[in-house]
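> Quick one, fold the following:
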Amino acid sequence: MRLQPVNRRSVPDEVFDQVLSEVVDGGIGAGEALPSERRLAEVLGVSRPAVREALQRMAQTRLLDVRHGGATTVRDFRRYGGLDLLPRLLVRRGELDPAVARSILEARLVVGPGVAALAAERGGPAVEAVLVETVEALGGTEDGVERQRHALAFWDLVVDAADSMVFRLMFNSLRAAYEPALEALASLMAEEVGQVGAYRLLTAAIGAGDPETARAAADRVLRPATTSLLTALAALDSDQLSEQPPDEEDA
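Sure, this is the predicted structure:
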């Protein structure tokens, strides 16, 4: 395992992140038993209560199988993990995971138009006024970060209008993964959040109760930046692979 002493003591977040990284990277495989709390505390340089809290949180996310009086074993996060893991998976060990970022973008492009269509069916004129206000705020600033915030507020309203608990929880998880990166993504998202006309078209379609036009308009809003970001992520993934040391067999 590549666990390292935690720089700040009694920080369950850091313990959680390190153990999660080991699980996701395969350092601790599915079905393997975790070291004891005492051993983890020694390796990480933290208190046992900090380790216990971190492991309890991992158990709550269904990543650990905790048996009283027995070993605590790791579960396959791909089968048992939920959307609440996305923010943790997106940035690990201080680096963006291109594969996770790609999957978020792909999900956004697939799900967004469907949410917009439902909003047109169920929200209609009742939501149009607040959407218009949000779009005007979007068009009233040139600041890239502020524009992203207004765009998030816009989609928050659209998700509310869609009246779907599953889409609401999905949106919450995607937003939690995205919000910490607003400043870093400002230039890449500029094309999307600068399309004030496309947002107006989407607003009008929702207000008119026209799900098909709303679906097409949402795709028009989301697709350009998604394409640009996927291209950038592919380049980043390629760079990261090229920086990896060669296998011993190739050396």
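> hmm, which helix or strand of the protein has the shakiest average pLDDT?
strand 91-92 (a mean of 71; mean pLDDT, DSSP states H and E).
> Can you give the strand pairings for the helix or strand just after that one, parallel or anti for each?
Next along the chain after strand 91-92, taking DSSP states H and E as the criterion, comes strand 95-96. The strands beside strand 95-96 in its sheet (DSSP bridges) come out as strand 91-92 (antiparallel).
> so where's the stretch 101-250 of the chain uncertain?
236-250 (pLDDT under 70).
> try 90 this time
101-107, 124-126, 173-192, 224-250 (pLDDT under 90).
> Show me the helices in it, by range?
125-139, 144-162, 165-178, 182-193, 196-207, 211-243 (DSSP state H, counting those that start in this stretch).
> of the ones you listed, which approaches His68 most closely?
helix 165-178 (30.3 Å; Cβ to Cβ). Where you see a C-beta, it was placed from the backbone N, CA and C, and this is true even at glycine.
> quick one: buried residues of that closest one?
Of the residues in helix 165-178, those buried under the neighbour-count criterion (16 or more other Cβ atoms under 10 Å) are 167, 170-171, 173-174, 177-178.
> Pick out whichever of those residues sits closest to Ala59.
Ser173 (19.2 Å).
> Was I right to think the closest one contacts Gly81?
No. Counting by Cβ atoms under 8 Å, Ser173 stays clear of Gly81, with 11.2 Å between them.
> follow-up on the earlier one: quick one: the buried residues of helix 165-178 as JSON lines, columns for distance to Ala116 too.
Below are those laid out as JSON lines (distance: Cβ to Cβ, whole Å):
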{"residue": "Phe167", "distance to Ala116": "11"}
{"residue": "Met170", "distance to Ala116": "14"}
{"residue": "Phe171", "distance to Ala116": "12"}
{"residue": "Ser173", "distance to Ala116": "19"}
{"residue": "Leu174", "distance to Ala116": "15"}
{"residue": "Ala177", "distance to Ala116": "20"}
{"residue": "Tyr178", "distance to Ala116": "18"}
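> for these, which one is nearest Glu14?
Nearest member of these to Glu14, counting by Cβ to Cβ, is Ala177, at 19.0 Å.
> So that closest one versus Asp156, what's the distance?
15 Å (Cβ to Cβ, to the nearest Å).
> Also Glu191?
21 Å.
> Equivalent analysis for Pro87, please.
For Pro87 relative to Asp156 (Cβ to Cβ), the value is 17 Å.
> now Ala30
For Ala30, the distance to Asp156 - Cβ to Cβ - is 36 Å.
> pretty sure Val46 is in a helix, no?
No. Per DSSP: H, G, I helix; E, B strand; the rest coil, Val46 lies outside any helix segment and is coil.
> count of neighbours near it?
21 (other Cβ atoms under 10 Å).
> got it, and Phe16?
If we define neighbours as other Cβ under 10 Å, then Phe16 has 21 of them.
> any idea of the mean pLDDT for the helix or strand containing it?
Using DSSP H and E, Phe16 maps to helix 12-25. Helix 12-25 shows a mean pLDDT of 84.
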